[in-house]
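Participant: dropping a prediction and its sequence here:
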Amino acid sequence: MDILGVIGAIIGVGAIAGGVLTAMSARIVAQYEKGLVFRFGRVVGTRDPGLRMLIPFIDRMRKVSTQIVTMPVPAQDGITRDNVTVRVDAVVYFRVIDPVCAVVEVQNYLFAVGQVAQTSLRSIIGKSDLDSLLSNREELNKGLEIMIDSPALSWGIHIDRVEIKDVSIPDALKRSMSRQAEAERERRARVISAEGELQASKKLAQAGAQMSESPASLQLRLLETVVQVAAEKNSTLVLPFPVELLRFLERGTPTGETTTEATTPSEATPEITPPEPTPALGQGNTPAAEQDGTRP
């Protein structure tokens, strides 16, 4: 019984030791990770996602994420090529494509990418004008992506894209740009108004030339304007009656009908009648023959 007990104890201890060693050698690699195996400090390979076994006390695994990393770049102060002080921040999207290079070639690839992004952003600010920073964002993003991707390729990192988030400019410059935009809008408005006046003057000249051939159309247009003004009923209209219209109506009256000629106060002339002779004093109503002493 003692021998069986010892053998059972040995088997139990062995099973426990085996279980402990199995637990120490088992590693689980997630779907979005790559397992980098070091054996005595040397890289012996990578492990794909799943349950992976290592040699206890000999192998060591380091997991590297292959997901796309979103890294905000702190705002950088710089002076543009046209001597304007600006503050620009950006964001970098990258991922690890070679875990061995990302771990072996650089000490901390996250910190390295961040520093390269900051220096590249300052460099792109110094090479660009203010108008380019505000309007040509796509070209600047491509240039910034190339500048960051050049050293990152040797680290096993691929830069997916770089985006400039915000460009901060001084308040005084903002006010100047606002005044410039307002002046530009006013200039456009004046040009459009002048073009409209020019087109309207051409049309009015054509209309006047056509109306001059027919005086009646001019009078009808005048009456139509009067009707339009009187429709609002909020003003008093004083309309002089033109003599030409009366003459036009007189000419349009058929022959044989009696017409009354209308005259205006300016054309009417008062009729002057000569005064009657006053009889001489002492003569009374005596005829001239009686005054001479002769009778018929």
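Facilitator: Everything's here; your move.
Participant: could you pull out the buried residues of stretch 58-74?
Facilitator: Using 16 or more other C-beta atoms under 10 Å as the test for burial, stretch 58-74 gives 59, 64, 66, 69, 73. Yep, even glycine has a C-beta here, placed from its N, CA and C like the rest.
Participant: ditto for stretch 149-157
Facilitator: In stretch 149-157, residues buried by neighbour count (16+ other C-beta under 10 Å) are 149, 152, 155-157.
Participant: which of those residues lies closest to residue 227?
Facilitator: Ranking those by separation from residue 227, with C-beta to C-beta as the measure, puts residue 149 on top at 75.9 Å.
Participant: quick check, pLDDT for that closest one.
Facilitator: Note for residue 149: predicted pLDDT of 88.
Participant: just checking, it is part of a helix?
Facilitator: Yes: under DSSP: H, G, I helix; E, B strand; the rest coil, residue 149 falls within a helix.
Participant: rewinding a little: between which two of the buried residues of stretch 149-157 is the distance greatest?
Facilitator: Using C-beta to C-beta, the buried residues of stretch 149-157 span at most 12.2 Å, a distance reached by 149 and 156.
Participant: hang on, the earlier thing: tell me which of the buried residues of stretch 149-157 is nearest to residue 47?
Facilitator: Proximity of those to residue 47 was ranked by C-beta to C-beta; the top entry is residue 156 with 16.6 Å.
Participant: how long is stretch 64-82 end to end?
Facilitator: Distance between the two ends of stretch 64-82: 44 Å, counting by C-alpha to C-alpha, to the nearest Å.
Participant: other residues contacting it?
Facilitator: Stretch 64-82 is touched from outside by 32-34, 36, 85-97, 99, 102-103, 110, 113-114, 117-118, 121-122, 125-130, 133, 160, 165-166, 168, with contacts defined as C-beta atoms under 8 Å, 6 or more residues apart in numbering.
Participant: what about residue 228, helix or strand, and which?
Facilitator: Element membership for residue 228 (DSSP states H and E) is helix 215-230.
Participant: same thing with residue 202?
Facilitator: Counting by DSSP H and E, the element that carries residue 202 is helix 171-212.
Participant: any idea of the mean pLDDT in that helix?
Facilitator: 87.
Participant: residue 42 pairs with what?
Facilitator: residue 39 (DSSP bridges).
Participant: chain center to stretch 146-155: distance?
Facilitator: For stretch 146-155, the gap between its own C-alpha mean and the chain's C-alpha mean amounts to 35 Å (C-alpha atoms, centre = their mean, to the nearest Å).
Participant: go on, stretch 196-208?
Facilitator: Going by C-alpha atoms, centre = their mean, the spacing between the C-alpha centre of stretch 196-208 and its chain's C-alpha centre is 34 Å.
Participant: ok now stretch 171-184, how far from the chain's centre?
Facilitator: For stretch 171-184, the separation from the chain centroid amounts to 15 Å (computed by C-alpha atoms, centre = their mean).
Participant: may I see the buried residues of that stretch?
Facilitator: Buried-residue list, stretch 171-184, by 16+ other C-beta under 10 Å: empty.
Participant: helix or strand for residue 81, which one?
Facilitator: Using DSSP H and E, residue 81 maps to neither a helix nor a strand.
Participant: just send the buried residues of stretch 149-157 back as JSON lines, with distance to residue 212 and secondary structure too.
Facilitator: Listed next are these as JSON lines, based on distance: C-beta to C-beta, whole Å; DSSP: H, G, I helix; E, B strand; the rest coil:
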{"residue": "149", "distance to residue 212": "76", "secondary structure": "helix"}
{"residue": "152", "distance to residue 212": "81", "secondary structure": "helix"}
{"residue": "155", "distance to residue 212": "86", "secondary structure": "helix"}
{"residue": "156", "distance to residue 212": "87", "secondary structure": "coil"}
{"residue": "157", "distance to residue 212": "83", "secondary structure": "strand"}
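Participant: relative to residue 28, which of these is nearest.
Facilitator: Distances from residue 28 to the buried residues of stretch 149-157, taken by C-beta to C-beta, are shortest for residue 156, at 23.2 Å.
Participant: surely residue 158 touches residue 145?
Facilitator: No: with contact defined as C-beta atoms under 8 Å, residue 158 does not count as touching residue 145 (10.6 Å).
Participant: when those two are compared, which one has more neighbours?
Facilitator: For residue 158 versus residue 145, neighbours defined as other C-beta atoms under 10 Å are more numerous around residue 145 (19 against 15).
Participant: great, nothing more from me.
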